[in-house]
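*Asks:* can't give you the sequence, but here's the structure:
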């Protein structure tokens, strides 16, 4: 019984250390609408709507690349040293997009918690879809 306990504690310790190491490597952050607005306003930040073109967007959006085209759209993406501000409608698609972007080499990513739904709920406006 004691051996099982020791193995479980050791496994938990390795898991926690591993998660901590990964968190230090990845600099992506899930942020509120206010923090996201501040990130979008920072010079050099590229704002990415991962729903693709033809949907409403947050003012200042630079790129529209749907999640299914993200890896294939690498040519449209800026240098991996660029800070990205990533969002979608409700936060589910951007939660999938961030790890893809990290695998592509992006290290500085902010993700809008709750997507455009939370953006609107905070009293902010969207730009209507064009075309």
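*Replies:* Received it, and whenever you're ready, just let me know what you need. Values in this document were obtained by computation on a predicted structure and should not be read as measured data. Numbering: from 1, shown residues only.
*Asks:* going forward, measure contacts and count neighbours with C-alpha atoms only.
*Replies:* Fine.
*Asks:* gap between the two ends of stretch 78-90?
*Replies:* Distance between the boundary residues of stretch 78-90 (Cα to Cα, to the nearest Å) amounts to 24 Å.
*Asks:* Next SSE downstream of the lowest-mean-pLDDT helix or strand in the chain?
*Replies:* Taking mean pLDDT, DSSP states H and E as the measure, the chain has helix 2-25 as its least confident helix or strand, at a mean of 39. Downstream of helix 2-25, the first helix or strand assigned by DSSP states H and E is strand 29-31.
*Asks:* quick one: contacts of that following strand?
*Replies:* Under the contact criterion Cα atoms under 8 Å, 6 or more residues apart in numbering, strand 29-31 has outside partners 109, 110, 111, 112, 113.
*Asks:* The very next helix or strand once past it: which residues count as buried?
*Replies:* Per DSSP H and E, strand 29-31 leads on to helix 33-41 as the next helix or strand towards the C-terminus. Applying a neighbour-count criterion of 16 or more other Cα atoms under 10 Å, one finds 33, 36, 37, 39, 40 buried in helix 33-41.
*Asks:* what about helix 33-41, distance to the chain center?
*Replies:* For helix 33-41, the separation from the chain centroid amounts to 13 Å (computed by Cα atoms, centre = their mean, to the nearest Å).
*Asks:* ditto for stretch 58-65
*Replies:* A distance of 14 Å separates the C-alpha centroid of stretch 58-65 from that of its chain, computed with Cα atoms, centre = their mean.
*Asks:* now stretch 49-56
*Replies:* Stretch 49-56 has its average C-alpha position 15 Å from the chain's average C-alpha position, going by Cα atoms, centre = their mean.
*Asks:* and if you look at stretch 108-120?
*Replies:* For stretch 108-120, the distance to the chain centre is 8 Å (Cα atoms, centre = their mean).
*Asks:* Stretch 59-75 too?
*Replies:* Between the mean C-alpha location of stretch 59-75 and the chain-wide mean there is a distance of 12 Å, by Cα atoms, centre = their mean.
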